[in-house]
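Asks: I would like to see how this sequence folds:
(one chain, ligands or ions: 2)
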Amino acid sequence: MQTELFPLDDTRLLPDGAKMLRAFGQPYLADIKTALDDVLVQAPTRHMITPGGHKMSVAMTNCGDFGWVSGPSGYAYLDRDPLTGRHWPNMPEVFMALALDAAARAGYPLFTPDACLINLYVPGTRLSLHQDKNERDFDHPIVSVSLGLPATFEIGGLKRSDPVQLVPMRHGDVLVWGGPSRLAFHGVRTIRKGIHPEYGAQRLNLTFRRSQ
Ligand SMILES: O=C(O)CCC(=O)C(=O)O
Ligand SMILES: [Fe+2]
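Replies: Ligands and ions are numbered 1, 2, ... in the order given. Now for the predicted structure:
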């Protein structure tokens with residue numbers, strides 16, 4: 001028998017303001033896949049360059065009014081895709097519906113996202129510990145939807161050196177962090193090999209943000 005071993009799966013221990021909504025995305029998943037395929041044709045994922053000059057192992061793109069980008073001169077939210085010169089693809093209705101539904105369930109009924117960052121992970125890739133702090137108004141939470149291969153998400157405190165909690169994230173899970181946890185350091189541990197029935201050897205993550 002194969003078991004997935006996660007050191008900590010008690011999401012009641014998440015920091016104040018953070019909430020795990022297990023399988024909350026389930027009713028939306030079929031429509032999300034269709035809409036996501038279309039977004040990825042219009043704005044393909046790409047490996048952005050960090051301000052330090054390194055190529056990120058996670059491939060990224062965006063949809064919505066604004067998109068998060070990283071380059072040699074820093075991080076920014078832009079209303080156009082630098083790769084194509086066109087506006088980012090519209091945020092699909094089903095994306096918005098899930099984001100609003102999840103935010104409300106987690107206690108953030110006023111959330112109005114204007115950006116959705118799409119991260120593509122293949123086995124062997126990870127996202128190191130960071131804060132999401134390029135947004136203007138930290139009163140809005142981050143709503144994060146996991147698709148495809150499972151991952152171990154790590155979330156700590158407001159200091160990089162604070163201890164982290166390991167949170168398994170599976171296809172359809174939604175994690176929301178806001179309020180006192182809005183600037184918590186977080187990251188994604190190295191994705192393990194596997195094949196997901198719908199997404200193959202990939203994990204996709206959608207983070208909904210209010211950027212402006
Ligand atoms: O992939 C994830 O679960 C988190 C993504 C994330 O933290 C980010 O893109 O800023
Ligand atoms: Fe993040």
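Asks: which of the residues in stretch 113-124 are buried?
Replies: Pro113, Asp114, Ala115, Cys116, Leu117, Ile118, Asn119, Leu120, Tyr121, Val122 (16 or more other C-beta atoms under 10 Å). In short, each C-beta sits where N, CA and C put it, glycine included.
Asks: Same check on stretch 25-38?
Replies: Gly25, Tyr28, Leu29, Ile32, Lys33, Ala35, Leu36.
Asks: ditto for stretch 68-79
Replies: Trp68, Val69, Ser70, Tyr77, Leu78.
Asks: same question, stretch 162-182
Replies: For stretch 162-182, by 16+ other C-beta under 10 Å, it's 164-165, 167-179, 181-182.
Asks: could you pull out the helices for this protein?
Replies: Along the chain, counting by DSSP state H, helices occupy 29-42, 93-105.
Asks: contacting residues around the last one?
Replies: Okay, so that is helix 93-105. Applying C-beta atoms under 8 Å, 6 or more residues apart in numbering, the external contacts of helix 93-105 come out as 19, 21, 24-25, 28, 31-32, 35, 63, 109, 111, 113, 116, 141, 143, 145, 174, 176, 178, 206, 208.
Asks: distance between that helix and the chain's centre?
Replies: Counting by C-alpha atoms, centre = their mean, to the nearest Å, helix 93-105 is centred 14 Å from the centre of its parent chain.
Asks: That helix relative to helix 29-42, how many degrees between them?
Replies: For helix 93-105 against helix 29-42, the angle by axes from the mean of the first three to the mean of the last three C-alpha atoms, to 10 degrees is 120 degrees.
Asks: taking the mean pLDDT, what do you get for helix 93-105?
Replies: In this model, helix 93-105 has an average pLDDT of 98.
Asks: which residue sits closest to Lys55, ignoring its sequence neighbours?
Replies: Using C-beta to C-beta, 6 or more residues apart in numbering and skipping residues adjacent in sequence, the residue nearest Lys55 is His47, 4.9 Å away.
Asks: In contact with that neighbour, which residues?
Replies: His47 touches Lys55, Met56, Ser57, Val58, Ala59, Met60, counting by C-beta under 8 Å, 6+ apart.
Asks: And it, how far from ligand 1?
Replies: 14 Å (C-beta to the nearest ligand atom, to the nearest Å).
Asks: Same check on Val164?
Replies: On the measure of C-beta to the nearest ligand atom, Val164 and ligand 1 end up 13 Å apart.
Asks: phi, psi of that residue?
Replies: Reported as degrees, to the nearest 10, the phi and psi values for Val164 are phi -110, psi 150.
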